[in-house]
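Participant: Here is my input, please return the structure:
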Amino acid sequence: MKNMTYSTLLFLAISLLALSPAHAISKDDRRTLAISATGTVKAPADIAHISTGVVSEAKTARAALDANTAAMAGVVGELKSQGIEPKDIQTSNFAVFPRYQRNKDGVTQSVIIGYRVTNSVTITVRDLKSLGGILDSVVTLGSNKIGGITFAIDDPTKLRDEARKRATADALRKAKLYAESAGVGLGEILSINENVMSRPPRPMMARMAMEAKSADVPIESGELSIEVQVNIVWQIE
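Facilitator: Model (predicted):
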């Protein structure tokens with residue numbers, strides 16, 4: 001031992017540690033089976049989100065703002081009279097821009113010729129049957145800026161839980177099939193994780209061209225898909 005160098009002793013110590021029972025226990029050499037599965041539940045939308053507002057132009061910022069304020073007050077008042085609660089009306093954009101003169105070639109010059117004021121609100125409509133009439137009314141009262149309409153489910157909790165059940169059942173079905181085909185047994189579940197996905201219809205632009213003044217804007221809400229993907233890992237025996 002006296003003739004052994006420090007390097008030789010260090011090498012022997014590392015070798016013994018690698019062969020020790022503690023090291024053998026920490027090494028995870030279990031055989032596993034990993035399965036991914038998706039559960040899907042479809043349901044009709046029950047709420048809609050709309051962006052609507054007013055764009056006003058005038059020679060002065062004050063005049064543009066006054067005109068915009070008056071028009072916007074009418075729009076918001078109409079929304080409330082249609083049953084939209086204050087908590088479902090939220091200002092989403094407000095801006096004042098100068099308008100610059102352009103020459104005959106379309107090049108913008110540094111001469112201000114007026115101002116533009118934009119004011120938009122995002123509203124939540126909980127009675128989809130009234131959606132077309134609401135859009136018709138706000139346009140009649142001066143709303144000249146309609147953004148996209150998106151549909152959603154107000155409380156998707158139960159639907160999402162059902163999708164989880166379907167995903168888990170499908171994962172278990174696949175795991176049993178693979179285990180039987182491979183001639184192995186399924187052991188305990190080692191891990192479960194999920195990915196939640198919602199696939200609403202594409203946001204649509206409100207169709208403001210109406211064949212008759214009394215006709216509501218035609219809107220179709222469609223169905224939404226709620227998907228849950230689970231990834232489950234089993235130990236196999």
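
Participant: so where do the helices sit in the chain?
Facilitator: All helices of the chain, identified by DSSP state H, fall at 6-19, 21-26, 61-81, 131-140, 157-182.

Participant: Any idea which of those helices gets closest to residue 150?
Facilitator: Among the helices of the chain, helix 131-140 comes nearest to residue 150, with 12.0 Å by C-beta to C-beta. C-beta here means a position set from N, CA and C on the backbone, and glycine is covered the same way.

Participant: Now find how far off-centre the closest one is within its chain.
Facilitator: Relative to its parent chain, helix 131-140 has a centroid offset of 26 Å by C-alpha atoms, centre = their mean, to the nearest Å.

Participant: cool, and stretch 155-166?
Facilitator: Per C-alpha atoms, centre = their mean, the centroid offset for stretch 155-166 relative to its chain is 17 Å.

Participant: related to what we said a few turns ago, any chance of the helices of the chain in JSON lines, with mean neighbour count and distance to residue 189 too?
Facilitator: Formatted as JSON lines, the helices of the chain follow (neighbours: other C-beta atoms under 10 Å; distance: least, C-beta to C-beta, whole Å):
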{"stretch": "helix 6-19", "mean neighbour count": "10", "distance to residue 189": "31"}
{"stretch": "helix 21-26", "mean neighbour count": "8", "distance to residue 189": "21"}
{"stretch": "helix 61-81", "mean neighbour count": "17", "distance to residue 189": "51"}
{"stretch": "helix 131-140", "mean neighbour count": "20", "distance to residue 189": "45"}
{"stretch": "helix 157-182", "mean neighbour count": "16", "distance to residue 189": "9"}
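
Participant: And these: which comes nearest residue 111?
Facilitator: So among the helices of the chain, helix 61-81 is nearest, using C-beta to C-beta, at 15.5 Å.

Participant: got the contact list for that closest one?
Facilitator: With C-beta atoms under 8 Å, 6 or more residues apart in numbering as the test, helix 61-81 has contacts from 52-58, 86, 89, 96, 98, 114-119, 121, 123, 134, 137-138, 141-143.
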